[in-house]
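K.L.:
Structure of the sequence below:
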Amino acid sequence: MERESMEFDVVVVGAGPSGLSAAIRIKQLDPGTSQSGNKTSLKVMMTLTYYKLQHGSRVVQEIDAVNMIHVIDGVDRLAQQRAALGI
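P.N.:
I've put the predicted structure just below:
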C-alpha cells in the first residue's frame, strides 16, 4: 500500500483563536540571514496547548496540556498520573 506524504516545517492544528494566533506569530518570524547547516540565533516565545517535535517518522517530544500527555522519546511520562485519575 502506498501512502501520500508531505513535508512541512510547521503544522498548526486547529482553527480556533489559539491556532490562528500561532499561525500568525509563526508567519511573522524573520529568519534573518540564517543558512541551512549554520548555527543560528532565533528566540520564539508562544503559549501553546499542544506541541509535537518529530524527526522523520520518530516522535521526539509530544506535549498535550489539555489531555495530560507528555511523551519524550516514546515514553509517556504522565501515563501513570492519568491512570490514577481515571482519564
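
K.L.:
you'd agree residue 81 is up against residue 70?
P.N.:
No - applying C-beta atoms under 8 Å, one finds residue 81 not in contact with residue 70, separated by 9.4 Å. All C-beta spots, glycine's among them, are computed from the backbone N, C-alpha and C.

K.L.:
and residue 74, how far is that from residue 53?
P.N.:
Distance of residue 74 to residue 53, computed by C-beta to C-beta, to the nearest Å: 13 Å.

K.L.:
next one: residue 63
P.N.:
Separation of residue 63 from residue 53 (C-beta to C-beta): 9 Å.

K.L.:
Tell me which of these two has more neighbours.
P.N.:
More neighbours surround residue 63 than the other of residue 63 and residue 53, with 18 against 11 (other C-beta atoms under 10 Å).

K.L.:
Just the pLDDT at residue 41, thanks.
P.N.:
What the model reports as pLDDT for residue 41 is 69.

K.L.:
Over to the one 10 residues further on?
P.N.:
Reported pLDDT at residue 51 in the predicted model: 84.

K.L.:
number of nearby residues for it?
P.N.:
Using other C-beta under 10 Å, residue 51 has 12 neighbouring residues.
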